[in-house]
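Asker: return a 3D structure for these sequence lines:
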Amino acid sequence: MLKDIATDLGISTTSGQSIYAEPYKLLIHEEGAMFKAHTDTEKIPGMFGTLIISLPSAHQGGDIVLKYQSQTTIYKTSEHKQSWACWYSDVSHEVLPIHSGYHIVLTFNLAIRSAGQTTTIPRPMAP
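Answerer: Next up, the predicted model:
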C-alpha cells in the first residue's frame, strides 16, 4: 500500500529512504460530527501527508472535501466498504456533517524515513 501511495503522490525516495505510516488516531464520527476545513501540521519528523482508512460502517454524509489551489476532490465515505485516501499536509480538507450512523476512520501520519531511522509505536498502558 505504501508503494502505491508513494507512486500516487509522486514521492521519489533516494537510496536508503522509504515512506512509512505512523498510527495517529482512531476516529468515530457520529451523527452531527464534522471537521471544518484545515491543513495538517507536522506531527513527526519528515511528515509530508496524511493517510486515512475508512472502515466498513453504515452512515450517511461525512464526505471528505479536499482542496488544493483550484482543484477540489470529494471522497465519499458512505458506501459502507473499506477504502483509503491520502493527501499532502498542505491540502485543505474538511469532513462534511454525518447525517446518520457512524463513520470509523484510522488516521496515519505519512513521513519519509532515512536509513537507520526507526519508528516507535506507542504501546497500550498495562491494566
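Asker: where in this structure is pLDDT low?
Answerer: In the predicted model of the chain, residues 15-16, 115-127 satisfy pLDDT under 70.
Asker: what about the helices in it?
Answerer: 2-9 (DSSP state H).
Asker: can you give me the strands for it?
Answerer: Applying DSSP state E to the chain gives strands spanning 17-29, 35-38, 47-55, 59-61, 64-68, 71-75, 83-88, 92-95, 98-101, 103-114.
Asker: which one of the ones you listed lies nearest to residue 3?
Answerer: Each of those has some distance to residue 3 by CB to CB; the shortest is strand 17-29, at 8.6 Å. (Glycine included, C-beta is placed from N, CA and C.)
Asker: in its sheet, what does the closest one sit against?
Answerer: Strand 17-29 pairs in its sheet with strand 103-114 (antiparallel), by DSSP bridges.
Asker: the partner strand: which residues count as buried?
Answerer: Within strand 103-114, the residues scored as buried using 16 or more other CB atoms under 10 Å are 103, 104, 105, 106, 108, 109, 110, 111, 112, 113.
Asker: distance to residue 4 added to the strands of the chain, as CSV?
Answerer: Shown next, in CSV, are the strands of the chain (distance: least, CB to CB, whole Å):
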stretch, distance to residue 4
strand 17-29, 11
strand 35-38, 25
strand 47-55, 11
strand 59-61, 26
strand 64-68, 18
strand 71-75, 16
strand 83-88, 9
strand 92-95, 20
strand 98-101, 28
strand 103-114, 12
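Asker: these: which one's closest to residue 7?
Answerer: Set against residue 7 and scored by CB to CB, those come closest in strand 17-29, at 10.5 Å.
Asker: name the residues of the closest one that come out as buried.
Answerer: Under 16+ other CB under 10 Å, the buried positions of strand 17-29 are 19, 21, 22, 24, 29.
Asker: now do the same contact list for the first one.
Answerer: Just to be clear, that refers to residue 19. 2, 5, 6, 11, 13, 110, 111, 112, 113 (CB atoms under 8 Å, 6 or more residues apart in numbering).
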